[in-house]
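[1] got a predicted structure here, sequence first:
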Amino acid sequence: MSAQAAREVPLSTLSPKYLHTNSTSHTSAFSAIAALIDNAYDPDVSAKQFWIDKTLIKDNLCLTFMDNGNGLDHETMQRMLSFGYSDKTAVEGHKPIGRYGNGFKSGSMRLGKDAIVFSRSKSGMCIGMLSQTYLEKIRAKQIQIPIVCIKERNSSGYILLNDNPSNICSAY
């Protein structure tokens with residue numbers, strides 16, 4: 001270990017158990033759903049419509065929340081799936097609801113153990129996963145958030161931006 005590495009201050013990490021603990025801030029599924037709806041209302045999203053649906057996938061009940069907002073690029077998805085990050089500001093007098101960067105994480109984990117976010121923005125498409133099941137399976141010691149983005153190349157194909165399996169965001 002180098003002398004510099006020995007002097008570095010260790011970063012705090014979040015245990016995967018925090019996903020469940022944090023979800024208990026919602027006393028009911030209704031407040032968790034409200035937190036997810038609130039995200040579509042925020043001025044940076046510009047959603048005009050919002051849909052909630054349920055379906056069975058391999059005998060598992062799945063809830064789908066969808067809006068027609070601006071979508072998330074890689075950087076925005078990483079911030080949205082990280083804890084305590086919020087840079088939302090008012091736009092033309094329209095104030096954002098979220099202030100602490102916790103609503104999506106607490107709301108989605110109150111409703112289930114796994115959340116997969118599919119998003120399409122002007123720059124391409126991103127998929128992010130916040131999953132207690134995945135973290136348990138890999139025996140993670142800290143929360144890891146896989147994110148894969150695909151950038152549109154042209155009308156005939158796409159470019160995968162981060163196809164390196166080690167390119168997983170760790171939540172601190």
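    Cool, got the structure. Everything quoted here is computed from the prediction, not taken from an experiment.

[2] what is the subsequent helix or strand relative to the top helix by length along the chain?
    With secondary structure taken from DSSP state H, the chain has its longest helix at helix 29-41. Tracing the chain past helix 29-41, the next element assigned as helix or strand by DSSP states H and E is strand 50-57.

[3] which strands and helices sit next to the helix or strand hosting Met129?
    Secondary-structure assignment from DSSP H and E places Met129 in strand 124-131. Using 3 or more Cβ pairs under 8 Å, 6 or more residues apart in numbering; DSSP states H and E, the elements in contact with strand 124-131 are helix 74-81, helix 103-111, strand 114-121, strand 144-154. To be clear about C-beta, it is placed using only N, CA and C from the backbone, and glycine gets the same treatment.

[4] how close does the closest residue to Phe65 other than its chain neighbours sit to Pro146?
    With Cβ to Cβ, 6 or more residues apart in numbering as the measure, Leu36 is the residue that lies nearest to Phe65, at 5.1 Å, once sequence neighbours are left out. Noted for Leu36: a distance of 20 Å to Pro146, by Cβ to Cβ, to the nearest Å.

[5] the more surrounded of those two?
    Between Leu36 and Pro146, Leu36 has the larger neighbour count (other Cβ atoms under 10 Å), namely 21 against 17.

[6] neighbours of Asp87, how many?
    Neighbouring residues of Asp87 were enumerated by other Cβ under 10 Å; the total is 9.

[7] what of the one 10 residues further on?
    Counted with other Cβ under 10 Å, residues neighbouring Ile97 total 15.

[8] and it, what is it in contact with?
    Under the criterion of Cβ atoms under 8 Å, 6 or more residues apart in numbering, the neighbours of Ile97 are 38-39, 41-42, 103.

[9] can you name the two of the residues you listed that are farthest apart?
    Pairwise distances among the contacts of Ile97 were taken by Cβ to Cβ; the largest, 11.0 Å, belongs to Tyr41 and Gly103.

[10] the two: which is more packed in?
    Gly103 (24 against 16).

[11] quick one: pLDDT of the closest residue to the more buried one other than its chain neighbours?
    Nearest in space to Gly103, with sequence neighbours left out and distances taken as Cβ to Cβ, 6+ apart, is Ala35 at 3.9 Å. Here, the pLDDT recorded for Ala35 equals 92.

[12] just checking, the residue nearest to Phe65 touches Met66?
    No: counting by Cβ atoms under 8 Å, Leu36 stays clear of Met66, with 10.5 Å between them.

[13] restricting to C-alpha, output stretch 38-46 in PDB.
    Listed next in PDB are the C-alpha coordinates belonging to stretch 38-46 (Å, rounded to 0.1, in the frame of the first residue of the first chain):
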ATOM      1  CA  ASP A  38     -44.200  12.900  -7.000                       C
ATOM      2  CA  ASN A  39     -41.000  12.200  -9.100                       C
ATOM      3  CA  ALA A  40     -43.100  12.600 -12.300                       C
ATOM      4  CA  TYR A  41     -44.500  15.900 -11.100                       C
ATOM      5  CA  ASP A  42     -41.100  17.600 -10.500                       C
ATOM      6  CA  PRO A  43     -40.300  20.400 -13.000                       C
ATOM      7  CA  ASP A  44     -37.200  18.800 -14.500                       C
ATOM      8  CA  VAL A  45     -39.200  15.800 -15.600                       C
ATOM      9  CA  SER A  46     -42.000  17.600 -17.500                       C
END
